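Chemist: predicted model, plus sequence, below.
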Amino acid sequence: MDWIQREREVLINLYSRQNVVLERGKGCYLYDTEGKRYLDLVAGIATVSIGHCNPLFIEKIKNQLDKLIHTSNLYYTIPQIQLAEKLREITNMDKFFFCNSGAESVEASLKFARKVTRKKKFIAFTGSFHGRTFGALSVTFKQRFREPFKPLLDHVIFCEFNDPDELSKHVDDETAAVILELVQGEAGVYPATQEFVKAIFELKDEYDFVVIFDEVQTGFGRTGSWFAKDHFNVRPDIMTMAKAMGSGIPIGCTAVTNEVAEKLEPGDHASTFGGNPLACTASLATIEIMENQNLIENSRKMGEYFRKKLSEIFIEVRGLGLMIGCHARNAYSIVEKSLSRGLLVNATSEDTLRFVPPLIIGKEEVDFAIDVLEEVVKG
């Protein structure tokens, strides 16, 4: 059955897909309709951190399906409250708003920033990616994403990433927020420097804006800590989350401090599906599995091992934990050739590979990936 041809007849052509139809998954592996196995180093774009079809995760989802799936936010539901309590514990943030995706969580963060500061101006950075809805796109740097949809939000300035001096020239009393990925994912996995992050908070003290950390891709153990902010020992005013939060079940969240929450009121924002019992149960199960299997430590340990092995093939390797990027000539060709050898990898540009595997990955899987990449690159 030609599923690819059937798709072309019915779906809008918005994705550049690889030539494979995936049918099922288990752990670190995916299987196509012909039964061929692939080691997954993409994990739903840093989403399926506990691996595909984890038995405990499936059990908890099935149990919730039997009880309650959705009611809307007109009513209280227990999983939403339980998840917020757990997030307070692991994020060190105070209050939470639930939505359905990373872009939605960024949209909420921008609205919250304008509401609580009563200011208009946003500072974002070269290389940034925050989503494709209008607000999120307005603070996303890549022109290819932005140009067809202008005019976007006014009062957005892009400063050079990791350049405190340039930032200081553009921040002023009209700045509502500085929004930052602590590790830029779509740009090719570039971490912020300690100096840069320190400078942002020094400017915040002077100009009284809010700091937004976009942890949509970096959150939930991806960088070897619960969140990338933990590497910098700082606390933002607002933090966005999604991706790995639900292990493939759509859920997003915007976390804020009490100081921000106190200035928000009913009607400022809302979501019909946000925080429904099924999605919150998925997130609670994800966190439980991560804790029980010590996946944050595995992310740190296997990230170090993976980067070391990649450095034997590629000149430049960077990242934190299991969020890894490397410079590679003909990256798209490497992706295609790896696919034929049973390895799923991702390229963010012609010269950049990104590796964001499930956090359950072990040395055996890393060694297999290295063997394939070495064959593809040097063979």
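Modeler: Yep, that arrived. Numbering: from 1, shown residues only.
Chemist: so the residue most central in space within the chain: helix, strand or coil?
Modeler: Nearest residue to the geometric centre of the chain (C-alpha atoms, centre = their mean): residue 217, 1.5 Å. When states are read from DSSP: H, G, I helix; E, B strand; the rest coil, the local structure at residue 217 comes out as coil.
Chemist: ok, it to residue 105 distance?
Modeler: Using C-beta to C-beta, to the nearest Å, we find residue 217 at a distance of 12 Å from residue 105. For glycine as for every other residue, the C-beta is placed from the backbone atoms N, C-alpha and C.
Chemist: dump the residue contacts of the residue nearest to the centre of the chain.
Modeler: Contacts of residue 217 were listed using C-beta atoms under 8 Å, 6 or more residues apart in numbering, and they are 45-46, 102, 181, 183, 185, 243, 323, 356.
Chemist: in a markdown table: the residues you listed, plus neighbour count, secondary structure and distance to residue 196.
Modeler: Conversion of the contacts of residue 217 to a markdown table gives the following (neighbours: other C-beta atoms under 10 Å; DSSP: H, G, I helix; E, B strand; the rest coil; distance: C-beta to C-beta, whole Å):
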| residue | neighbour count | secondary structure | distance to residue 196 |
| --- | --- | --- | --- |
| 45 | 15 | helix | 25 |
| 46 | 26 | helix | 22 |
| 102 | 29 | helix | 22 |
| 181 | 27 | coil | 12 |
| 183 | 23 | strand | 12 |
| 185 | 25 | coil | 17 |
| 243 | 28 | helix | 23 |
| 323 | 25 | strand | 18 |
| 356 | 29 | coil | 23 |
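Chemist: between the residues you listed, which is closest to residue 59?
Modeler: Minimum separation from residue 59 among these (C-beta to C-beta) is found for residue 243, which lies at 22.4 Å.
Chemist: quick one: that closest one from residue 168, how far?
Modeler: 32 Å.
Chemist: likewise for residue 336?
Modeler: As judged by C-beta to C-beta, residue 336 and residue 168 stand 44 Å apart.
Chemist: do the same with residue 177
Modeler: Relative to residue 168, residue 177 is positioned 16 Å away (criterion: C-beta to C-beta).
Chemist: just want to know which of the two has more residues nearby.
Modeler: Neighbours per residue (other C-beta atoms under 10 Å) separate residue 177 from residue 168, with residue 177 holding more: 26 against 16.
Chemist: one step back: can you redo the contacts of residue 217 as CSV, where the extra columns are pLDDT?
Modeler: Rendered in CSV, the data for the contacts of residue 217 read as follows (pLDDT from 0 to 100):
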residue, pLDDT
45, 97
46, 98
102, 98
181, 98
183, 98
185, 96
243, 98
323, 98
356, 98
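Chemist: I'd like those laid out as JSON lines, including distance to residue 299.
Modeler: Written out in JSON lines, the entries for the contacts of residue 217 read as follows (distance: C-beta to C-beta, whole Å):
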{"residue": "45", "distance to residue 299": "16"}
{"residue": "46", "distance to residue 299": "11"}
{"residue": "102", "distance to residue 299": "19"}
{"residue": "181", "distance to residue 299": "18"}
{"residue": "183", "distance to residue 299": "13"}
{"residue": "185", "distance to residue 299": "15"}
{"residue": "243", "distance to residue 299": "14"}
{"residue": "323", "distance to residue 299": "9"}
{"residue": "356", "distance to residue 299": "10"}
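Chemist: just give me the closest of the residues you listed to residue 65.
Modeler: Top of the list for closeness to residue 65, among the contacts of residue 217 and by C-beta to C-beta, is residue 243 at 22.4 Å.
Chemist: chain neighbours aside, what residue packs nearest to the closest one?
Modeler: In space, not counting the residues next to it along the chain, residue 243 is nearest to residue 47; the distance is 4.7 Å by C-beta to C-beta, 6 or more residues apart in numbering.
Chemist: which residues touch that neighbour?
Modeler: With contacts defined as C-beta under 8 Å, 6+ apart, the neighbours of residue 47 are 243-244, 247-248.
Chemist: now the helices for the stretch 151-300 of the chain?
Modeler: Using DSSP state H, counting those that start in this stretch, the helices found in the stretch 151-300 of the chain span residues 164-170, 194-207, 258-261, 277-292, 295-310.
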